[in-house]
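*Asks:* Any chance you could fold what I've pasted below:
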Amino acid sequence: MDISKEKIYPPDMPMGLDIALAENKRAFNYFYSLSEAEQKRIIDGTHTINSRSEMQSYVESFVQ
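*Replies:* Presented below is the predicted three-dimensional model:
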């Protein structure tokens, strides 16, 4: 099975989101189960996040 890198790691993934997802397995699994459009919506939601704690809270909100 040949999976493109873009399917695994969206090219516009903010580093802070990537780190926060890596620290939260449930949110990570949720994010990567979404369609590309839904992932983009989540990525777009990070543009107003200004701190690590805000990003962690944002990511935690996916699985609450």
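*Asks:* Looks like A20 contacts Q56 (just checking).
*Replies:* Yes. Assessed by CB atoms under 8 Å, A20 is found in contact with Q56 at 5.3 Å. (Glycine included, C-beta is placed from N, CA and C.)
*Asks:* So for those two, which sits in the more crowded spot?
*Replies:* Ranked by neighbour count (other CB atoms under 10 Å), A20 and Q56 place A20 first, with 25 against 17.
*Asks:* Which residue comes closest to the more buried one once chain neighbours are left out?
*Replies:* Using CB to CB, 6 or more residues apart in numbering and skipping residues adjacent in sequence, the residue nearest A20 is V59, 4.1 Å away.
*Asks:* Phi and psi next, for that neighbour.
*Replies:* Here is the backbone geometry of V59 (degrees, to the nearest 10): phi -70, psi -40.
*Asks:* again with F31
*Replies:* When quoted as degrees, to the nearest 10, the phi and psi of F31 stand at phi -60, psi -50.
*Asks:* Listing request: residues of this structure with sub-threshold pLDDT.
*Replies:* Residues of the chain meeting the criterion pLDDT under 70: 1-9.
*Asks:* ok, which stretches of it are helices?
*Replies:* Along the chain, the segments classed as helices by DSSP state H run 5-8, 15-22, 25-33, 36-44, 52-60.
*Asks:* Can you list the neighbours in contact with the second one?
*Replies:* In other words, helix 15-22. 9, 27-28, 31, 42-43, 46, 49, 52, 55-56, 58-59 (CB atoms under 8 Å, 6 or more residues apart in numbering).
*Asks:* What subset of those is buried?
*Replies:* By neighbour count, with 16 or more other CB atoms under 10 Å, the contacts of helix 15-22 hold 27-28, 31, 42, 46, 49, 55-56, 58-59 as buried.
*Asks:* Of all pairs in these, which one spans the longest distance?
*Replies:* F28 and I49 (17.2 Å; CB to CB).
*Asks:* ok, so what distance separates the closest residue to R26 other than its chain neighbours from D12?
*Replies:* Closest residue in space to R26, ignoring its immediate chain neighbours: V63 at 4.3 Å, by CB to CB, 6+ apart. For V63, the distance to D12 equals 22 Å [CB to CB, to the nearest Å].
*Asks:* Great, nothing more from me.
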